[in-house]
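Enquirer: Prediction below, plus the sequence it came from.
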Amino acid sequence: MDVVNQLVAQGQFRILKVPLGFIKVLQWFFAIFAFSTCGSYSGMFKMAVECRNRTESDLAIQVEFEYPFRLHQVYFDAPTCKDRATDRIFLVGDYSSSAEFFVTIGVFAFLYATAALSIYVFFYDKYKENNKGPLIDLGVTAVFAFMWLVSSAAWAKGLSDVKTATDPDEVITLIDACEKKENSCREVHDPVMSGLNTSVAFGFINLVLWAGNLWFVFKETGIIAPFMRAPPPEGKPAPDAYAQQGAYEQDPYASNQGGYQPEFNQQGYNQEAEYGQGYGQQGAPTSFSNQM
């Protein structure tokens, strides 16, 4: 009991919230529904054979059949409408192969889903230690997805044949007394096939679940990791970008405008200098003291 409590305490039940574990739980449930609705089925139908001599009639012929649908072993006694005699009639067909194959796949899928859930919850770290565990899980999941496709299709065809073989209108054709016009034969109760129809639906639901789970198991293998591109670096805010641009780049116009002097100032200064020199050379008074 202490070991169980320790395992429960160490269990990583959060794995059941992610698609890998949640889909496995759905596979576990729908596998149970699939093989239980088919493997536990039993049905019956009723017919009435009314002879011209009413005392020889049988108005409540009840025929029962069940899984695994070896109908060639199912029989009933029908009146011959002659001297109160009866004739033993066997149904036609053996559909056990498709039914048992479907149920077997459901049982094994249930067992594998149980084992996989146990590993996910209690030994997930060891499951992820290397690539071996996810690869095995991927291979088994692919096999079950294919098996669900084959078994569901085979059982759908087998169920269609079972419905035909257990149709009272078809079974009446096997009774010799019903071939005579003076006798009257009719069906009283049809077999209820809703449970078997549900089993086929559950089979194809399992196919969708196991095929869809391939992607999530494939991601656990890490095969796709080298092909994943790293996200591009995030862009920096505009002020930082402008600051870095100003730190590493110089404005070409700033250097030219900083030491620039208009040419007309230089020309005016030179003209004034020349004019002063020329005026002094011509004897013009250069100062007030000289003129005095």
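Expert: Looks like it came in fine.
Enquirer: What residues sit buried inside stretch 157-175?
Expert: Using 16 or more other CB atoms under 10 Å as the test for burial, stretch 157-175 gives 158-159, 161-162, 165-166, 168, 171-172, 175. Any C-beta I mention is one placed from the backbone N, CA and C, and that applies to glycine too.
Enquirer: From those, pick the one nearest His72.
Expert: Nearest to His72 among the buried residues of stretch 157-175: Ala165, at 9.2 Å, using CB to CB.
Enquirer: What number of residues are in the vicinity of Gly21?
Expert: By other CB atoms under 10 Å, the residues close to Gly21 number 19.
Enquirer: go on, the one 10 residues further on?
Expert: Other residues lying near Ala31 total 28 when counted by other CB under 10 Å.
Enquirer: buried residues in stretch 73-81?
Expert: By neighbour count on 16+ other CB under 10 Å, the buried set for stretch 73-81 is 74, 76, 78-81.
Enquirer: quick one: which two of those are the most distant?
Expert: Once CB to CB is applied, these give Val74 and Cys81 as the farthest pair, at 22.7 Å.
Enquirer: mind checking the SS state of the residue sitting nearest the centre point of the chain?
Expert: Note on the chain: the residue nearest the mean C-alpha position is Gly212, at 2.5 Å, using CA atoms, centre = their mean. The three-state label given to Gly212 by DSSP: H, G, I helix; E, B strand; the rest coil is helix.
Enquirer: I'd say it and Lys24 touch.
Expert: No: applying CB atoms under 8 Å, one finds Gly212 not in contact with Lys24, separated by 11.5 Å.
Enquirer: residues touching Thr164, list them.
Expert: By CB atoms under 8 Å, 6 or more residues apart in numbering, the contact set of Thr164 is Glu170.
Enquirer: Need the pLDDT of it.
Expert: Here, the pLDDT recorded for Thr164 equals 93.
Enquirer: For Arg186, which three-state class applies?
Expert: strand.
Enquirer: That one - how many residues pack around it?
Expert: Applying other CB under 10 Å, we find 14 residues neighbouring Arg186.
Enquirer: element containing the nearest residue to it once chain neighbours are set aside, please.
Expert: Excluding the flanking residues, the one nearest Arg186 by CB to CB, 6 or more residues apart in numbering is Ala48, at 5.4 Å. Here Ala48 sits within strand 42-50, counting by DSSP states H and E.
Enquirer: Which strands or helices does that strand pack on?
Expert: Secondary-structure packing of strand 42-50 (3 or more CB pairs under 8 Å, 6 or more residues apart in numbering; DSSP states H and E): strand 58-66, helix 168-172, strand 184-189.
Enquirer: Include secondary structure and pLDDT when you put the buried residues of stretch 73-81 into TSV, please.
Expert: Compiled in TSV, the buried residues of stretch 73-81 are given as follows (DSSP: H, G, I helix; E, B strand; the rest coil; pLDDT from 0 to 100):
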residue	secondary structure	pLDDT
Val74	coil	93
Phe76	strand	91
Ala78	strand	90
Pro79	strand	89
Thr80	coil	87
Cys81	coil	86
